[in-house]
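Colleague: Structure, please.
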Amino acid sequence: MSEIEPAKLYIPPTCIPHERRHNDEFVIFSITSQQDRELPSHIVGVHAAMCFLSEVGIPRALDPIDINEEPLRYHAEGVTEFTTIFATSVL
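Modeller: Below is the predicted model:
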């Protein structure tokens, strides 16, 4: 029986929790950008029991997206069974 990889999330720099909250579990909502013409400010995922990993972030193993000059990093991870995605992912 293979172990399921935890769900991992990128958190924008303005949303990283204060240092005293780093050991808390979070419920994080993924939303689209206000400038997205098809789904402006629309919830696309709910991620419960997410734990903060690092303020700097953990590098992704995948190649960066073409429009992003810097590699994407994960800042939180949680139990996959507690993640619900309402839309297909970009990648």
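Colleague: what's the longest strand anywhere in the chain in contact with?
Modeller: Longest strand of the chain, by residue count under DSSP state E: strand 43-52. By CB atoms under 8 Å, 6 or more residues apart in numbering, the surrounding residues in contact with strand 43-52 are 7, 9, 16-17, 21-32, 75-79, 82-87. Where C-beta positions appear, they are placed from N, C-alpha and C, glycine not excepted.
Colleague: Give me the subset of those residues lying in strands.
Modeller: For these, secondary structure assignment (DSSP E) places 7, 9, 25-31, 76-78, 83-85 in strands.
Colleague: among those, who's most crowded?
Modeller: Scoring the ones in strands among the contacts of strand 43-52 on neighbours with other CB atoms under 10 Å, the highest-scoring entry is Ala76 at 24 neighbours.
Colleague: how close does that residue sit to Ile58?
Modeller: Ala76 is 10 Å from Ile58, where distance means CB to CB, to the nearest Å.
Colleague: Next, show the common contact partners of these two.
Modeller: Taking CB under 8 Å, 6+ apart as the contact criterion, the residues that touch both Ala76 and Ile58 are Lys8.
Colleague: pLDDT score for Asn23?
Modeller: In the predicted model, Asn23 carries a pLDDT score of 83.
Colleague: who's in contact with it?
Modeller: Listed by CB under 8 Å, 6+ apart, the contact partners of Asn23 are Phe52.
Colleague: What's the separation between it and Val79?
Modeller: Using CB to CB, one gets 16 Å for the distance from Asn23 to Val79.
Colleague: Same check on Ile85?
Modeller: Between Ile85 and Val79 the distance is 14 Å, computed by CB to CB.
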